[in-house]
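[1] coords below, sequence missing:
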């Protein structure tokens with residue numbers, strides 16, 4: 001839960017995410033530089049940029065793994081759901097996270113305890129990377145975990161060990177884990193990394209279904225093809241700064257992407273799906 005004494009915005013419906021002049025240093029150099037934008041709940045947003053643009057640093061900032069410079073304690077650079085200070089475990093129940101890194105965490109031996117898909121989903125109640133003996137799992141938790149697996153078409157994976165799952169199967173299970181607490185939004189960090197063409201399309205179709213059921217999606221990627229039709233807004237990052245920010249049709253243009261990637265890029269749109277080619 002938000003820590004006692006944490007600042008609150010007067011707005012009864014504060015932004016899902018608010019950044020105001022956020023700067024993050026890494027190795028003495030800014031990985032994010034003076035970043036400012038707000039994302040409202042219900043506003044599906046894609047954040048794109050080339051390697052080194054600051055996407056990973058932004059994820060680490062939002063998940064509280066990295067901390068911004070704090071020149072003015074009265075004006076915190078980042079607020080999530082109106083709060084600038086959070087209990088980390090409570091934050092993870094409000095903002096479901098899916099990433100290739102999280103997938104790897106469940107495959108590491110030290111994660112322990114996640115013997116099958118249902119265990120992975122149940123671990124979401126405890127914001128842990130496995131199931132452990134001190135964690136008390138109730139019948140209600142098991143019911144909710146089973147419902148979350150069914151919601152993403154993965155009920156058949158409840159008894160399958162994570163190490164025996166394909167990458168696409170594991171990502172579906174991780175989505176179920178993120179959904180088990182009914183979070184306000186899903187933060188998807190390069191979620192199709194490691195998926196083959198068919199698995200990627202199936203995964204994106206599943207995300208599209210979630211978006212249509214009004215689960216806010218924040219998609220961080222460098223693949224324009226992953227920008228779903230339901231995404232209304234696109235933020236382009238370059239060298240740790242906001243390069244462009246606005247409605248999808250205005251941002252995802254050949255001119256903007258050519259400038260972003262510093263090479264000739266041609267953008268095509270068909271049935272609400274975007275593709276890009278170089279040259």
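    Received, thanks. Since we're looking at a predicted model, the values are computed, not measured.
[2] What part of this protein, helix or strand, is modelled with the least confidence?
    Sorting the helices and strands of the chain by mean pLDDT, DSSP states H and E puts helix 100-107 at the bottom, at a mean of 75.
[3] And that one, what's buried?
    100, 102, 103, 105, 106 (16 or more other Cβ atoms under 10 Å). Any C-beta I mention is one placed from the backbone N, CA and C, and that applies to glycine too.
[4] Just give me the closest of these to residue 225.
    residue 100 (17.0 Å; Cβ to Cβ).
[5] Next up, the contacts around that closest one.
    189, 190, 191, 193, 194 (Cβ atoms under 8 Å, 6 or more residues apart in numbering).
[6] List only buried entries from those.
    189, 190, 191, 194.
[7] Doesn't the last one lie inside a helix?
    No - under the criterion used here (DSSP: H, G, I helix; E, B strand; the rest coil), residue 194 is coil, not part of a helix.
[8] Residue 167 is in contact with that one, correct?
    Yes - in this structure residue 194 lies within contact range of residue 167 using Cβ atoms under 8 Å: 4.4 Å.
[9] overlap in contacts of the two?
    With Cβ under 8 Å, 6+ apart, residue 194 and residue 167 have common neighbours residue 103.
[10] what about the residue nearest to residue 253 when sequence neighbours are not counted, is that helix, strand or coil?
    Leaving aside its sequence neighbours, residue 253 sits nearest to residue 267 (Cβ to Cβ, 6 or more residues apart in numbering; 6.1 Å). Under three-state DSSP, residue 267 falls in the strand class.
[11] May I see the buried residues of stretch 241-258?
    241, 242, 243, 244, 245, 248, 251, 252, 256, 257, 258.
[12] Return the subset of the residues you listed lying in strands.
    241, 242, 243, 244, 245 (DSSP state E).
[13] The fourth one and residue 237 touch, don't they?
    No - taking Cβ under 8 Å as the definition, residue 244 is not a contact partner of residue 237, at 9.2 Å.
[14] which other residues reach stretch 186-199?
    Counting by Cβ under 8 Å, 6+ apart, 55-56, 59, 62-63, 95-101, 103, 166-168, 171, 175, 178-179, 200, 203-204, 207, 210, 215-223, 226 sit against stretch 186-199.
[15] For PyMOL, what selects the buried ones among these?
    Restricted to buried positions by 16+ other Cβ under 10 Å, the PyMOL selection for the contacts of stretch 186-199 reads:
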select buried, resi 55+56+59+62+63+95+96+97+98+99+100+103+167+168+171+175+178+179+200+203+204+207+210+215+216+217+218+219+220+221+223+226
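[16] Sort out for me which of the contacts of stretch 186-199 are in helices.
    When DSSP state H is applied, the contacts of stretch 186-199 are split such that 55-56, 59, 62, 100-101, 103, 167-168, 171, 175, 178-179, 200, 203-204, 207, 210 fall in helices.
[17] follow-up on the earlier one: between the least confident helix or strand of the chain and helix 55-62, how many degrees?
    70 degrees (axes from the mean of the first three to the mean of the last three Cα atoms, to 10 degrees).
[18] How far off centre is helix 100-107?
    14 Å (Cα atoms, centre = their mean, to the nearest Å).
[19] Can you name the secondary structure element that comes next after it?
    Where DSSP states H and E defines the elements, the next helix or strand beyond helix 100-107 is helix 117-122.
[20] and that following helix, what does it pack onto?
    helix 139-151, helix 167-179 (3 or more Cβ pairs under 8 Å, 6 or more residues apart in numbering; DSSP states H and E).
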